[in-house]
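Peer 1: here is the input, now give the coordinates:
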Amino acid sequence: SLLCTLTVHLLKASGQVMAASPVLWENAVVPASVFDESMEYLNHLLQTQHNDTPKYRQARAATFALHEAFTRNGDTCTCYLNSGNLESPISGWELQIQGPIVPSDPGLNTAAAIEPFFSRDLVGIAIGHVNNQTIDLAVLPCSAILPRYTLEDSQDQLALDSLIQELGCLVEKVQVQQPASTCALLRDPVLENMLHYVSETGVMSVTSNSLKHFSSQVRESNLMSPVTNKKPPPSKAWMSVTVPKDSDITIKGAAVSCDALLGHSLVVFLSNGLVSTVNLTQTRYRYEATLANDTAARFQDKDEAYKNMQATPAFHEEIRPIIEEIETGLRGMTKWVGSSTNTKDIKPGEVAAVIELRDHLENNLMVHLKHLNKLRYNRMVMLRKMCQSQYAQAKEIYKTVEALRARKKQA
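Peer 2: Next up, the predicted model:
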């Protein structure tokens, strides 16, 4: 959608993803049908929202901004912010930073790179971390981020922030097992489900269909947290390029080539001025062949089901660290007493104290409560499946016993 195209995602070191919209480019051209689709969505919001709500005022400002920015030229619409000596009234409007729209692990300051990733019907995002060596894969609804400006008052700002906070969903964490002090994410132009994690010590290639699978489940259930028994195929990660540990050479950059001569190759630029080329098709097939051999060996283990059952930790052990974090967050809470204060009498220090208390509540308490609730629900679903499976097995045993009794009577 046009609203999704005009949105820029910003990454904090904590892993929180912020958003700014609309980012308009002079002389940008979009199909008129795409523009009309977005305007139809905004008009629907204006018709369904009460005219005294923050959401209505946001939709009205967004409708005005897009009408001012784009001019229809037949089958296309062109963005004109400065036409001759006439300057658009929205050219001086400052964008409002929105978020966080994707949940993050509290206490971590390892996020270093963000990149769009294939997700079919949703907005897919990949976040690269250093030190803890992971790639977070998250999704967002396509039309979730509407244009916002700093013209809105403080009450509207708080109300609209509450609607989009952690609107996205963290789908998967991919372990890359590659020590790095800095990293970059590189999308593959050939395979839409492939991503490359580039650091100074090597390049790890990752293939994942988890966002595509999650998007399909959302489309079927119309929920951003679909409950399904279908599990996506596991993501795969392997080293495509490795710099020797005892070498002073580091990687300065990388690019993926789909040249007719080189094929599907990874071009790596080294600190000594040399350029190294790796055939990605060859490395991927070699890794998948190794993986197939390992899978065949695991299926030969007759006690695999028993080991999986033993690997599931007791629920009290799984939630003990979260309970401790919640207790720590509760001990840090501040209790306020007294009568209510008129809006005109509120001082900046009081507003700062309220914001600090809200941030403490969100970062040190609500995050862990949501995590605890998710673990509780997942364990409940697992136990329900176990009960259903045992009940089905018991019915089969009962049928077998009845058949044996019938045979005994006939004998």
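
Peer 1: can you pull the pLDDT of residue 49?
Peer 2: Residue 49 carries a pLDDT score of 90 in this model.

Peer 1: what's the spacing between it and residue 63?
Peer 2: 12 Å (CB to CB, to the nearest Å). Every residue, glycine included, has its C-beta placed from N, CA and C.

Peer 1: same check, this time on residue 76
Peer 2: Going from residue 76 to residue 63 by CB to CB gives 20 Å.

Peer 1: buried residues of stretch 131-146, list them for me.
Peer 2: Using 16 or more other CB atoms under 10 Å as the burial criterion, the residues of stretch 131-146 that qualify are 133-141, 143-146.

Peer 1: downstream of the lowest-mean-pLDDT helix or strand in the chain, the next helix or strand is which one?
Peer 2: When each helix and strand of the chain is scored by mean pLDDT, DSSP states H and E, helix 304-311 comes last, with a mean of 53. Of the helices and strands lying after helix 304-311 in sequence (DSSP states H and E), the nearest is helix 315-331.

Peer 1: helices and strands around that next one, which ones?
Peer 2: The helices and strands touching helix 315-331, judged by 3 or more CB pairs under 8 Å, 6 or more residues apart in numbering; DSSP states H and E, are helix 367-410.

Peer 1: please identify which helix or strand holds the closest residue to residue 70 other than its chain neighbours.
Peer 2: Leaving aside its chain neighbours, residue 70 sits nearest to residue 77 (4.2 Å; criterion: CB to CB, 6 or more residues apart in numbering). Assigned by DSSP H and E, residue 77 belongs to strand 76-79.

Peer 1: pLDDT score for residue 1?
Peer 2: You'll see residue 1 listed with a pLDDT of 75.

Peer 1: what do you get for residue 114?
Peer 2: 92.

Peer 1: how about the one 5 residues further on?
Peer 2: For residue 119, the pLDDT comes out at 73.

Peer 1: so how far is residue 100 from it?
Peer 2: 19 Å.

Peer 1: quick one: which of those two has more around it?
Peer 2: It is residue 119, of residue 119 and residue 100, that has more neighbours when counted by other CB atoms under 10 Å, with 25 against 21.

Peer 1: what about the closest residue to residue 312 other than its chain neighbours, how many neighbours?
Peer 2: Closest residue in space to residue 312, ignoring its immediate chain neighbours: residue 382 at 7.8 Å, by CB to CB, 6+ apart. Neighbour count of residue 382, defined by other CB under 10 Å: 12.

Peer 1: same deal with the one 5 residues further on?
Peer 2: As a burial measure, the neighbour count of residue 387 was computed by other CB under 10 Å and equals 10.

Peer 1: against residue 315, how distant is it?
Peer 2: Counting by CB to CB, the gap from residue 387 to residue 315 is 15 Å.

Peer 1: repeat for residue 62
Peer 2: The span separating residue 62 from residue 315 equals 46 Å under the rule CB to CB.

Peer 1: for these two, work out which one has more neighbours and name it.
Peer 2: Remark: of residue 62 and residue 315, residue 62 carries more neighbours, 24 against 14, as counted by other CB under 10 Å.

Peer 1: about what we covered before: can you pick out the ones from the buried residues of stretch 131-146 that are in strands?
Peer 2: 134, 135, 136, 137, 138, 139, 140 (DSSP state E).

Peer 1: state the pLDDT value of the last one.
Peer 2: The score at residue 140 is 82. That number is its pLDDT.

Peer 1: can you tell me how far it is from residue 9?
Peer 2: Computed with CB to CB, the distance linking residue 140 and residue 9 is 8 Å.

Peer 1: list the beta-bridge partners for the most centrally placed residue in the chain.
Peer 2: With distances taken as CA atoms, centre = their mean, residue 138 lies nearest the centre of the chain, 1.4 Å away. Beta-bridge partners for residue 138, by DSSP bridges, are residue 125, residue 170.

Peer 1: backbone dihedrals for the residue nearest to residue 235 when sequence neighbours are not counted, please?
Peer 2: In space, not counting the residues next to it along the chain, residue 235 is nearest to residue 208; the distance is 3.8 Å by CB to CB, 6+ apart. Here is the backbone geometry of residue 208 (degrees, to the nearest 10): phi -150, psi 130.

Peer 1: distance of the residue nearest to residue 312 from residue 47?
Peer 2: 44 Å.

Peer 1: with residue 272 instead?
Peer 2: 63 Å.

Peer 1: can you pull out the helices in the protein?
Peer 2: For the chain, applying DSSP state H gives helices covering 2-5, 32-48, 54-69, 154-164, 210-221, 280-299, 304-311, 315-331, 348-361, 367-410.

Peer 1: need those helices in CSV with distance to residue 235, can you?
Peer 2: Output for the helices of the chain, formatted as CSV (distance: least, CB to CB, whole Å):
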stretch, distance to residue 235
helix 2-5, 24
helix 32-48, 32
helix 54-69, 36
helix 154-164, 27
helix 210-221, 6
helix 280-299, 12
helix 304-311, 19
helix 315-331, 23
helix 348-361, 33
helix 367-410, 19
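
Peer 1: between the ones you listed, which gets the lowest average pLDDT?
Peer 2: It's helix 304-311: among the helices of the chain, that one has the lowest mean pLDDT, namely a mean of 53.

Peer 1: neighbours of residue 357, how many?
Peer 2: As a burial measure, residue 357 scores 14 neighbours (other CB under 10 Å).

Peer 1: quick one: it from residue 328, how far?
Peer 2: Residue 357 is 16 Å from residue 328, where distance means CB to CB.

Peer 1: what does residue 44 give?
Peer 2: Between residue 44 and residue 328 the distance is 44 Å, computed by CB to CB.
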